[in-house]
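1. Below: sequence and its predicted model.
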Amino acid sequence: VTNAFADVRMAVTPIVVRLATHNRSFAKVLLGALVPALSADGPEGMHRDVVRLLRTELAGVLPLVDPSQVFRLLRSPETVVQELGGELLRTNVDPTAMTPSQLGILASSDVLAVRRTAWTMLSLRIDDVRKDPDAVLPLLDARWEDSRQRAFTFIENDVGFEHLTPEVALAVCDSVRPEVQALGRRLVVHRFEHADGLRYLLRLAQHP
């Protein structure tokens, strides 16, 4: 299935599909071999062909992909494999198995499907984000504008400014992005308490 020659990959496909469909143990062994291959460099077109196979004829074995295998797919150098990992992240991984900070990192993925899945999972973890407010920082520093815009709405409307600490507000102010700095200023005003005045003064007086 991962052969360097496309005609070999095509020729073996019906055999693999027949075996995996009727033998759950074979399907697990097959996934155990395919996931490492998809997570590394390989012959041209191989990743695309294997992902197509998993999404079509072998779609029935995808529920057998365990969370550790999903994370390996997300680290693949191939976008098409990362996209498959993003889909499986939504279906095969318990949202509570990942920390809000880890989800925040995934929300900065180059693959749109991964970002969307990360946001879906974050929407179920609002209470956890409130307990670990530092988790909002990677969201605001995401490489993609769609994730940053989503972060602004998520922090203000879902998490709530009142759940963010002064340290988080100051860290937001330290961003190099003007729109994130603007949010930081709003946070400082909203969260200002007299007892924290000196802390804000010392940090913000040195701000570039």
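-> Noted; the coordinates are in hand. Please read these numbers as outputs of a predicted model, since none were measured by experiment.
2. alpha carbons only for contacts and neighbour counts from here, please
-> Will do.
3. list the contacts for the residue nearest the centre of the chain?
-> Centroid-nearest residue in the chain, with C-alpha atoms, centre = their mean: residue 106, separated by 2.3 Å. Neighbour list for residue 106: 114-115, 118 [criterion: C-alpha atoms under 8 Å, 6 or more residues apart in numbering].
4. what's the answer for residue 89, then?
-> Counting by C-alpha under 8 Å, 6+ apart, residue 89 makes contact with 67, 70-71, 114, 117.
5. Tell me which helix or strand it sits in.
-> Secondary structure assigned from DSSP states H and E places residue 89 in helix 79-92.
6. What residues of the very next helix or strand once past that helix count as buried?
-> Scanning the chain past helix 79-92 towards its C-terminal end, the next helix or strand to appear is helix 100-106 (assignment: DSSP H and E). The neighbour-count criterion (16 or more other C-alpha atoms under 10 Å) identifies 100-101, 103-106 as the buried residues of helix 100-106.
7. same question for stretch 150-157, mean pLDDT?
-> For stretch 150-157, the mean pLDDT works out to 92.
8. rewinding a little: dump the contacts of residue 106 into a markdown table; add distance to residue 47 as well.
-> As requested, the contacts of residue 106 are arranged in a markdown table below (distance: C-alpha to C-alpha, whole Å):
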| residue | distance to residue 47 |
| --- | --- |
| 114 | 18 |
| 115 | 21 |
| 118 | 23 |
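9. and these, which of them are in helices?
-> Among those, the members found in helices (DSSP state H) are 114-115, 118.
10. For ChimeraX, write a command that selects the buried ones of the residues you listed.
-> To isolate the buried subset of these in ChimeraX, counting by 16+ other C-alpha under 10 Å, use the following:
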select :114,115,118
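11. pLDDT for the ones in helices among the contacts of residue 106 - can I get that in a markdown table?
-> Written out in a markdown table, the entries for the ones in helices among the contacts of residue 106 read as follows (pLDDT from 0 to 100):
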| residue | pLDDT |
| --- | --- |
| 114 | 86 |
| 115 | 88 |
| 118 | 87 |
